[in-house]
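Asks: prediction below, plus the sequence it came from.
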Amino acid sequence: MTAVHLRDLHKIAEHFNARPELLDEASMPSEQLCGVVRVLQFPDRGMVAREQWLQTCIPSREEYRFRAGEVRYLAQADQAFAVLVLSGDDCAKLLRALRDTRKLFANKIVVPFLSHSAPHDRALLLRRGADDVLHLGLSPQEGAARLAALIRRQRWASSQQAEAELATERAAAAVAELQWLCPGPIGRQGRQVLAVLFAQFGKVVSRLSLSSAARTSSHWPSERQLHVIICSIRKHLRPPFLIETLRGEGFRLHMDAANDLPWPDDSATGAADVAARKAGGKPAQRGARPAKSQQGRRRGEGRGPG
C-alpha cells in the first residue's frame, strides 16, 4: 500500500472543505451502481478480500455463486441489472465463464474481478470480450468510477440507437410522402433535393443548401447540374405542387394557388391542361406537332376542288 504523508491528508481535507460539492461528486458513482450490479463469485482463497473490496465499491449489490442454475436465473431476469461482475482468481475459469455469459448477456456490461492479475491476463480477458478488468490493486473509488463510466456510456449508446431508430421511422414516413408527391423516377439526388424542399415547404431554400443535399462523397453538383435536377423533379411533380425559382435567392416548393386558371398563352389549351391536371393526366406539350391525319385535314382546308 502506498504511504501517504499526514501533510498531504490535510491538503486533501482542505481541498474538499473549500469545495463541498466535490464530496457529492465523489459519492455519485456508488449511488449510480445501486441495484444495477450482479456479482458471480468463484469460491477460492481470495474471495473474502474481494468481498470486502466490493462492499466498499458497491454497497448495494446481489451476489451469486457461479453455477448453471444461477446463470440461468440471471438470464431470465436480465432486465433487472446492467453490470455483471465475474469475481475469481482463476483466469482459465474466468475465460470460460466469460465465453458462456457473453452468449447469454450480449447487451450487458461484463467485468471480471481478480485479486491479483498480470498485465497479459488482463489483456487476454479484454480481447475475449470483457468490457473492463478490475483487481485489488485499484481503489474501490476508482472501480466504482470505472463501472459508472461504463454504464453512462452504454446508456448514451442506447439513447443514440433510439434516436437513430426514430430518425429512420421519420425518414421512412418522409419517403412515403415524397413518393406520393413525386411518383416519377428522379434519382437519388432528386429525392434528396426534394426532401429538403419538402422539409421547408413554402419557404425559400438557397441553392447552396440544395447543392449540399445533392452532393456525393466525391462530387459537388454545379449550379447547372442543380437546375437539371430541379427540372427533372418538376417534370414528375404531382399538381398542384410546383417549384418556383426566385432569382438570387433559391427555390421554393408550394401549391399553385391559380391552378384552376387557364394558361396565359392560349385559353383553349389552358382549359384542356387544367382538365388534364385535375384528372391526374399529363398536360399537352406546347408546340407539339399535330398528328398526320390532322395535318392532312388542315392542308386541305380552304382549297377548292381541282
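Replies: Yes, it's here. What you see is a predicted model, and the numbers here were worked out from it, not measured in a lab.
Asks: helices and strands around the longest helix anywhere in the chain, which ones?
Replies: Once the chain is assigned using DSSP state H, the helix that runs over the most residues is helix 140-181. Secondary structure elements in contact with helix 140-181, counted by 3 or more C-beta pairs under 8 Å, 6 or more residues apart in numbering; DSSP states H and E, are helix 21-32, helix 47-57, strand 83-87, strand 109-114, helix 187-199. (C-beta placed from N, C-alpha, C; glycine too.)
Asks: what helices or strands is the shortest one leaning on?
Replies: It stands for strand 83-87. Strand 83-87 is packed against strand 37-41, helix 47-57, helix 91-104, strand 109-114, helix 140-181, with contacts defined by 3+ C-beta pairs under 8 Å, 6+ apart.
Asks: pull out the buried positions in the third one.
Replies: Of the residues in helix 91-104, those scored as buried under the neighbour-count criterion (16 or more other C-beta atoms under 10 Å) are 91, 94-95, 97-98, 101.
Asks: among those residues, which pair sits farthest apart?
Replies: Comparing all pairs in those by C-beta to C-beta, the longest separation belongs to 91 and 101, at 15.2 Å.
Asks: give me the number of residues near residue 164?
Replies: For residue 164, the tally of surrounding residues (other C-beta atoms under 10 Å) stands at 10.
Asks: would CSV of the buried residues of helix 91-104 with pLDDT and distance to residue 138 be doable?
Replies: Formatted as CSV, the entries for the buried residues of helix 91-104 read as follows, by pLDDT from 0 to 100; distance: C-beta to C-beta, whole Å:
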residue, pLDDT, distance to residue 138
91, 89, 17
94, 89, 17
95, 90, 21
97, 85, 21
98, 87, 19
101, 80, 22
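Asks: show me which of the residues you listed is closest to residue 37.
Replies: Nearest to residue 37 among the buried residues of helix 91-104, counting by C-beta to C-beta, is residue 101 at 14.1 Å.
Asks: ignoring the adjacent residues along the chain, who's closest to that closest one?
Replies: residue 110 (5.7 Å; C-beta to C-beta, 6 or more residues apart in numbering).
Asks: and what of residue 42?
Replies: residue 88 (3.0 Å).
Asks: what about the one you found, neighbour count?
Replies: Tallying neighbours of residue 88 according to other C-beta under 10 Å, which is how burial is gauged here, yields 22.
Asks: same check on residue 218?
Replies: Neighbours of residue 218 using other C-beta under 10 Å come to 5.
Asks: buried residues, the helix or strand containing residue 243. List them.
Replies: In the assignment (DSSP states H and E), residue 243 maps to strand 241-246. Buried residues in strand 241-246, defined by neighbour count with 16+ other C-beta under 10 Å: 241, 243.
Asks: and what of stretch 161-168?
Replies: Neighbour counts using 16+ other C-beta under 10 Å place no residue of stretch 161-168 among the buried ones.
Asks: with stretch 140-156 instead?
Replies: For stretch 140-156, burial by neighbour count (16+ other C-beta under 10 Å) applies to 140, 143-148, 150-151, 154.
Asks: by pLDDT, give me the weakest of those residues.
Replies: Checking pLDDT across the buried residues of stretch 140-156, the minimum falls on residue 154 at 84.
Asks: mind listing what it touches?
Replies: 82, 109 (C-beta atoms under 8 Å, 6 or more residues apart in numbering).
Asks: any low-confidence regions in the chain?
Replies: Low-confidence segments of the chain (pLDDT under 70): 1-35, 68-79, 167-168, 170-172, 174-175, 258-306.
Asks: domains in it, as residue ranges please.
Replies: Under automatic domain parsing, the residue ranges defining each domain of the chain are 6-159, 182-278.
Asks: redo these as CSV? Include distance to residue 173.
Replies: As requested, the domains of the chain are arranged in CSV below (distance: least, C-beta to C-beta, whole Å):
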stretch, distance to residue 173
domain 6-159, 21
domain 182-278, 11
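Asks: name the residues that touch stretch 41-58?
Replies: 30, 33-34, 37, 39, 61, 63-66, 85-90, 93-94, 97, 113-116, 136, 140-141, 143-144, 147.
Asks: could you do stretch 176-185 as well?
Replies: For stretch 176-185, contacts defined as C-beta under 8 Å, 6+ apart pick out 190-191, 194-195, 198, 233, 235-238, 241.
Asks: setting aside sequence neighbours, what's the nearest residue to residue 94?
Replies: The shortest distance from residue 94 to any residue other than its chain neighbours is 4.9 Å, reached at residue 112 (C-beta to C-beta, 6+ apart).
Asks: ditto for residue 223
Replies: The spatially closest residue to residue 223, leaving aside those adjacent along the chain, is residue 207, at 6.3 Å (C-beta to C-beta, 6+ apart).
Asks: any figure for the gap between the one you found and residue 252?
Replies: In this structure, residue 207 lies at 12 Å from residue 252, with C-beta to C-beta, to the nearest Å as the measure.
Asks: thanks a lot, catch you later.
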